[in-house]
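>>> need coordinates for the below:
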Amino acid sequence: QETALLHRAETWRDRLLAEGDTALTELLAEHPHADRRRLRQLARNAVDERNHNKPPHSHRELFRVLRVLLSERTDIDNAHP
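Numbering: from 1, shown residues only. Presented below is the predicted three-dimensional model:
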């Protein structure tokens, strides 16, 4: 279950970096309580880091934020079979 969560977080991170606001809109439809501004800023910073060969701080932080967000949804799903 933890491995699946990590893969989902990686997939969402990759989509946010590649697709931008399109992916963000889809993510927010599934998780309306998520912080749109923070996710957008982390994604933009991660793209900037990659483009300028900077250390991937925002890339990692985006993954952590997504993992927490997705784990909250998993906890809710598991609580209501």
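>>> need phi/psi at the residue nearest in space to the middle of the chain.
The centroid of the chain falls nearest to Leu66 when counting by C-alpha atoms, centre = their mean (3.5 Å). Main-chain torsions, Leu66, degrees, to the nearest 10: phi -60, psi -40.
>>> also His31?
Dihedral angles (degrees, to the nearest 10) for His31: phi -130, psi 70.
>>> tell me the spacing between it and Asp48.
As judged by C-beta to C-beta, to the nearest Å, His31 and Asp48 stand 24 Å apart. In short, each C-beta sits where N, CA and C put it, glycine included.
>>> quick one, grab the pLDDT at Asp77.
If you check Asp77, the pLDDT there is 50.
>>> any idea of the mean pLDDT for stretch 37-48?
The pLDDT scores in stretch 37-48 average 97.
>>> quick revisit: which one of His31 and Asp48 has more residues nearby?
Of the pair His31 and Asp48, His31 is the one with more neighbours under other C-beta atoms under 10 Å, namely 16 against 11.
>>> for stretch 12-22, which outside residues touch it?
Stretch 12-22 is contacted from outside by 23-24, 27, 39-40, 43, 46-47, 50, 59, 62-63, 66, 70, using C-beta atoms under 8 Å, 6 or more residues apart in numbering.
>>> ranking helices and strands of the protein by mean pLDDT, which lands last?
Using mean pLDDT, DSSP states H and E, helix 57-79 stands out as the lowest-scoring helix or strand of the chain, at a mean of 82.
>>> for stretch 63-70, buried residues please.
In terms of neighbour count (16 or more other C-beta atoms under 10 Å), stretch 63-70 has its buried residues at 63, 65-67, 69-70.
>>> sec struct for Lys54, please.
With DSSP: H, G, I helix; E, B strand; the rest coil as the basis, Lys54 sits in coil.
>>> that one contacts Asp48, doesn't it?
Yes. Using C-beta atoms under 8 Å, Lys54 is in contact with Asp48, at 7.4 Å.
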